[in-house]
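S.K.: Pasting a predicted model and its sequence here:
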Amino acid sequence: MSEQSYVRTEMLSEQPAPLGQTGMLKWMRENLFSSIMNSIMTVVSFAVIILVLMQLIPWMMQPSWVSGSLRQCLDDPNIDGACWGVIRDRFNQLMYGFYPHAEQWRPNLAVVLMLVAVAPVLFDKLPRKMVWFSAIYPFLGAWLLWGGSAWTPILVVAGFAIGYIAFKMLHNMVGNMAMIGAVLAAVIWWLYGIGSVSAWLHSMLPIGIEAVPSSQFGGFMLSMTIGISGIALSLPIGIVLALGRQSDMFIIKTLSVGYIELIRGVPLITLLFVASVLLNFFMPPGTNFDLILRVIIMVTLFAAAYMAEVIRGGLAALPVGQYEAADALGLDYWKSMRLIIMPQALKISIPGIVGSFIGLFKDTTLVSVIGLLDPVGLIRTIQGSAEWNGLVWELFLFVSLLFWLFCFSMSRYSMYLERKLQTSH
Amino acid sequence: MKKSVLLGTIAAMGVMAGVASAGTLDDVKANGVLKCGVSTGLVGFAAPDANGNWEGFDVDICRAVAAAVLGDGDAVQFVPLSSKVRFTALSSGEIDMLARNTTWTFSRDVDLGFTFTGVNYYDGQGFMVRKDLGVASATELDGATICITTGTTTELNLADYFRTNGMSYEPVPIENNAEAMQQYLSGACDVYTTDASALAATRASFETPDDHMLLPEIVSKEPLGPLVREGDEPWGDIVRWTLNALITAEELGVTKANLEEMAAGTDNPEINRMLGTEGNLGEMLGLDADWAQRVIAVGGNYGEIFEANIGESTAIGLSRGLNALWTQGGLIYTPPFR
Amino acid sequence: MAMADQPAAKSFRLSMLLYDTRYRSITIQIIMLGLFVAGVWWLLDNMYSNLDELGKRPNFTFLTAPAGYDINQRLIEYSSQSTNARAWLVGLLNTLLVAVMGCILATVLGVSIGVLRLSKNWIIARLMTAYIEIFRNVPLLLLIIFAMSIFINIFPQPKLFRGEDALSSMYFWDSVAFTNRGWYIPKPVFESGSMIVGIVFLLSIAGIFVFGRWAKKRQEATGEILPNFWIKLGILVIPAVVFYYIMGQPISLNYPELKGFNFKGGLHLRNSLIALWLALSLYTAAFIAEAVRAGIMAIDKGQTEAAAALGLRPKRIMKLVVLPQALRVIIPPLISQYLNLTKNSSLAVAVGYMDLTGTLGGITLNQTGRALESILLLMITYLAISLSISMVMNFYNNSVKLKER
C-alpha cells in the first residue's frame, strides 16, 4: 500500500475556464470572428457603421432648434449642419394641418378614445360590456373630428335601431328575408331621413361643437383619419367578401372573387385618381362629397379587398371540425358563422389585420399625389415657403421617423400577438 | 311580390336622388359660401399664409364674386386644386368657379364645356436661366435640360416651340412649383419654363434673384381668367360682370377709398349705373342694386388688387405691361355698363 | 320576375323559394345579382346623366390624335407628333422597364439579406435585421422622394465637369459620369457582324444548360464532380470573345462626352429612373428578405442534420438540400412581391418618371380632359399586367404541386 504515493483527499476547487473560452472573448470568437471570411465581414461592418455615424452625428447635433428660417441657420457660424428650427416652427402643421388651434383637443381626444375602443378587442381580460363603446366609437370619433350638430351622429346610430325594429316587425311575416327590409329601412333613413330631422332637432335644441370642414385636415391627423377609417370601414365589407368568396353559390362567389382580384390588380394611386376626378361623376347630379370623404371611400374599397384575403386566411386556418361541429349542432349558416366560425377566424386574423393596417397607413402618403396635405404633401408646401425654401433633409428625416416609429411599434405588437396566439392552441 | 317592392324602392331612390340641382347662383346662396377653385400655392396669385388664410390675385377675384353674391368677401371656401384635377372639379360641381391662372384656349372653352368669363391677366410662357449659363436668347437652348410643370399648356407650347425651331431638348416633367424650384436651383435642369408671371414670382423668392434672368422670348399667349361651367348663363354673367366691374372701377377712378363718396351719386352716369344709384343693372343680374359697391369694397378696383398682390411694390414686382388699362396702352378693356 | 324563372313543380308554393333548400340558394343568388345589376346600372346612369349635362359622351378618339408633348425617356420611336396611344405604349414600356430592373435588383438584394440575416456572425445578422426593419416600416413614397433628393442635391452638376481643373471628374477611365441629371454610361454600338456574335453568345448560354445536364449525368454515373463554375464561365465567355475578334470587333462603345449643356453620347440613365429603381428595389428587398428567411426557417432542422450526417459540407447542404425545398415556400410570396413592385412603380409620378401613370394617367389625361377614358384604360392596363403575373404564379404553384408525391 505504501507504493501508493499520493491520494487526493479533497476535491480541487473549480478553475475558471481558459480566457478564450469565456465571457466576452468567447462570445466574440464565436459570433464575430469564427472564420476568416466572418472576421473580414465583421471588420467591414464596423467600419461602415462608424463611418456613417461619424458623418451623421455631427450633422444632426446642431444648436439650430430656435432658428426661424433657413437663412438664420446659414448665417449662424455655430450651425454647420441640420437646421432643426423647421420642425419647431411647423410642428403643429405637420401634426394637425390647418385644424383650428382652439379645437385641437378634439383629434387628441379622438385618439385617446380610440385606444379605449380597441382595447376590448386586443385584450381579452377586459369586461365584455366595453364592446358597446367600441361599436359607438366610429360615430363619436367622426363627430369629434368633423364637429357639427351632436344630433347627426345620434340619428345615424338611430338608423341601426330603425333597422332592428324593422327586422323584428318583418321577421314574423317573412322570416330571414326581413334582413333586406331592415337594411332598406336603415338606408332610406340615412339617405333621406337624417338631414331634415337633424336640422329640425338642432333648431329645437342646439347641441354641438364647431364644425371643421375637411379641407382643414392635414398632417399626421389626416393620415391617421384616412388610415383608421379605411381599416375600420373595410372590416365589415372584408368579412362579407371573404364569406362570399368561400360560398358555394356561383354568382356570389364570382362577384366576390371578381371584386377582390380587380381591386388587388390595380395600384392604389389609380383608385385615388378615381376619387379625385371621377367619383363625383358616379353620384347623382348635385351630390357632392368633399375630396377627403371621397378618398376615404376609395381607400375603404381598396382595403376591403385586402381585408377579405386576410380574413379568408383566418377562415381557411380553422380546422374543418369547427364547421362540422357547427353543422352538427343544427345551427343555420348565419348562426354558425356568428357564434362559432367568425369569432375564431377573426381572432386568428388579428395579426394579419394589423399588418394590412400598417400597409394602409404607409399608403396614405399617396394622397399627397392628388394634392392633399398629408405630411409628405406638407413637406412640399414647407419647402416652397419663403422661410424654408431650399431645405431638404430635416423634414424627410422627421416625417420618416414618425412613420417608422408608428409602423414599427405596430409590427412588433402584431408579432407579439402572433406568438400569443400560437401558444394558445 | 317582394322583389317588385324592392326594385320599386331602388327605382324610387334613383329618382329621388336624381333631382337635378337648381342654378349655381341658388346653390351658392343656399350654401352661404362660394366654393372657389384656386392654385395649390403660387405666391402672389393664390397661396395660404402661415395661418391658412388665402391671399393673392386670383383669391381676390373669388372674394369679389362672393361679395357680389353673398355680401361677404370672406364667405369663400378655397379649394386648392392641382392642375390635374382642376377641370374635373369644376365640371363635377365640386366648385362653383375656378380662378386658378388657367389659360383660355379653344379646346377648353369648346370641348371641355367651360365658359371663360374674361381675362384677368395677360400672360405668356417665358424661360428662366442662370446668368452664368451664358445664354441670351431662347434660340440658343438647343440640347438644354428644361424643367416643366406638367398638366398645363406649357408643355405643349414648349414642344411646339422647339419643333418649329428645329431644336432638341430634354424635358423634366415636375408636378409642382416648389419641386421645380428645387430642381432648377440645384442645377438638375438648365432652364425653368412656365408663365412669365409665375417665373417672376419664383425668381423673387430666390435667395439671390440677380443670378437668374428671364430670357426675352415669350413663346405663347396665355390669357388667364376665371371660368365656370357651360350652360349656366346667369352664373357666368355674374362672374363675368364682377370682373368687369373691377376693371371699369379702375377706368372710372372708383377706388376703395372713394367708394362711399362715389356711391352717394356722381355726375358720371356710368358710375351711377354700376354702383346702383341709377338704373337696375343689379336686378338684371339677379342681385341687389349695390352689388358692385361690395365687389369694390373687398380689395379695391382691378388696379388696386394688382398692386397689392403682384405689383411693383410687392416682392413679385410685376409691371402692368399688357395688363395696363387700354387707355394706358394695355389690353385690359371691358364692355360698358349700360 | 324571379318567380317566372323557376321550374314550376307540382306543389310549388311561393314560400318554397325561401324555405326549401333546393331553391333558396337560387333565390338568394338572383336577388344578389339583381342588386348588383341595379347598383351598376345606377352608377352608369348617374355617369351618363352627369356627362350629358356637360355634353361629353365617353369617346376614345383622343387616342389617335397627336399627343403634342415630349417624353424624355422613350424605348421606342416617339415625338410630340405621335399619337396619344403611342404615348401610352411608351409609358407602358417604361413601367415594364423599371419593374423588371426593380425585380432583378430586389431579388438579388433580398436573397442576400435574407440569407445573411441568418448568418452566425452577430453584427451582420443585426445589421440585416436593422435594414429590414427600417425599410419595411417607412412609406415607399418617402423613400422615392428621398432618393430623388439625394440624386439632385448630392451629385455634381454637369457644368462642374467643365474646364481644365474641373471640380468633378468622370470615373472608370472617363467612361462613366455621375451627375445630378442622371448617370451617363458607355453605350454599346452594334455594327454589321454583331448579330453573329450575339447568336454565338446565345448559343453559349444554351450550351451551358446542355453541359449542366451532361455533368449531372456524369456525376450520377461516376460520382466525380467537375469544377462546374469555371467550365460554365468558359463556355459563356470564350466563344463570344473569339467570334468578336473574328468578326473584326463589330461591337464598340460610345462614350459620353460633355458637349454644350449636357453630356452627349453614351447611355443616359435619368435620375428619375435610378431613384425610382433603387427606392423600389431597396423597399421590396426588405420584404423579399423576410420571405427568404421564412422559407429557409421552414425547412426542418432534421433535414440539415441528416445532410450533415451524410457528410455534406455546409455549402452543399444549402445548395442540395435546403434551397430546393425552401424555394417552394419562397417563390409564391416572391412573385406576389414582384406584383407589388410593379404596382408600386406607379409612384413614378412623384419623381416625374414617365411611366403609364405619367403619360396616359398624367399628361394625356390633363391635356385632353378625357379623365374617365384615360383612367379606365390605365386601370385595365395595370390589371392586365397584374393578371399576367398572377398567371405565372398559379402556373408555378401548380407545377410545384405536381412534384409532390
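M.R.: Here it is on my side, so go on.
S.K.: ok, and the one residue in chain B that gets nearest to chain A, which helix or strand is that part of?
M.R.: Using CB to the nearest CB, the point where chain B gets nearest to chain A is residue B:178, with a distance of 3.0 Å. All C-beta spots, glycine's among them, are computed from the backbone N, C-alpha and C. Assessed by DSSP states H and E, residue B:178 sits inside helix B:177-185.
S.K.: continuing past that helix, what's the next helix or strand?
M.R.: Once helix B:177-185 ends, the next helix or strand along the chain (criterion: DSSP H and E) is strand B:191-195.
S.K.: what's the burial count for residue 234?
M.R.: All of this is about chain A. Burial measure for residue A:234: 25 neighbouring residues, criterion other CB atoms under 10 Å in any protein chain shown.
S.K.: I was after chain C.
M.R.: For residue C:234, the neighbour count with other CB under 10 Å is 14.
S.K.: Would you mind listing what in the stretch 251-400 of chain A touches chain B?
M.R.: Within the stretch 251-400 of chain A, the positions lying close to chain B (CB under 8 Å from any CB of the partner chain) are A:276-278, A:280-281, A:284-288, A:290-291, A:369-371, A:380-381, A:383-384, A:386, A:389-390, A:392.
S.K.: about what we covered before: the residue of chain B closest to chain A contacts residue A:380, correct?
M.R.: Yes: taking CB atoms under 8 Å as the definition, residue B:178 is a contact partner of residue A:380 at 5.0 Å.
S.K.: so what sits against both of the two?
M.R.: Common neighbours of residue B:178 and residue A:380 are not found (criterion: CB atoms under 8 Å, 6 or more residues apart in numbering or on different chains).
S.K.: Quick check: what element follows the helix of greatest length in chain B along the chain?
M.R.: In chain B, ranked by residue count with DSSP state H as the criterion, the top helix is helix B:233-252. Following helix B:233-252 in sequence order, the next helix or strand is helix B:259-263 (DSSP H and E).
S.K.: Check which helices and strands that next one is in contact with.
M.R.: If you count contacts as 3 or more CB pairs under 8 Å, 6 or more residues apart in numbering or on different chains; DSSP states H and E, helix B:259-263 packs onto helix B:269-275, helix B:291-299.
S.K.: before we move on, the earlier item: what sits closest to the residue of chain B closest to chain A if chain neighbours are left out?
M.R.: With CB to CB, 6 or more residues apart in numbering or on different chains as the measure, residue A:384 is the residue that lies nearest to residue B:178, at 3.0 Å, once sequence neighbours are left out.
S.K.: is the helix or strand encompassing residue C:283 anywhere near chain A?
M.R.: Mapping residue C:283 onto the secondary structure by DSSP H and E places it in helix C:271-297. No: using CB under 8 Å from any CB, helix C:271-297 stays clear of chain A, with a minimum separation of 9.8 Å.
S.K.: Need the residue closest to the centroid of the chain.
M.R.: Since you didn't name a chain, this refers to chain A. What sits nearest the mean C-alpha location of chain A, by CA atoms, centre = their mean, is residue A:357, with 3.7 Å.
S.K.: switch to chain C, that's the one I care about
M.R.: residue C:99 (2.8 Å).
S.K.: and that residue, what does it touch?
M.R.: Counting by CB under 8 Å, 6+ apart, residue C:99 touches C:338, C:341-342, C:345, C:385.
S.K.: From the chain's centre, how far out is the helix or strand that contains residue C:129? Work that out for me.
M.R.: Here residue C:129, judged by DSSP H and E, is contained in helix C:122-136. Centroid separation for helix C:122-136 versus its chain: 24 Å, with CA atoms, centre = their mean, to the nearest Å.
S.K.: Give me the buried positions along it.
M.R.: Residues C:122-124, C:127-128, C:131-133, C:135-136 are the ones in helix C:122-136 that count as buried (16 or more other CB atoms under 10 Å in any protein chain shown).
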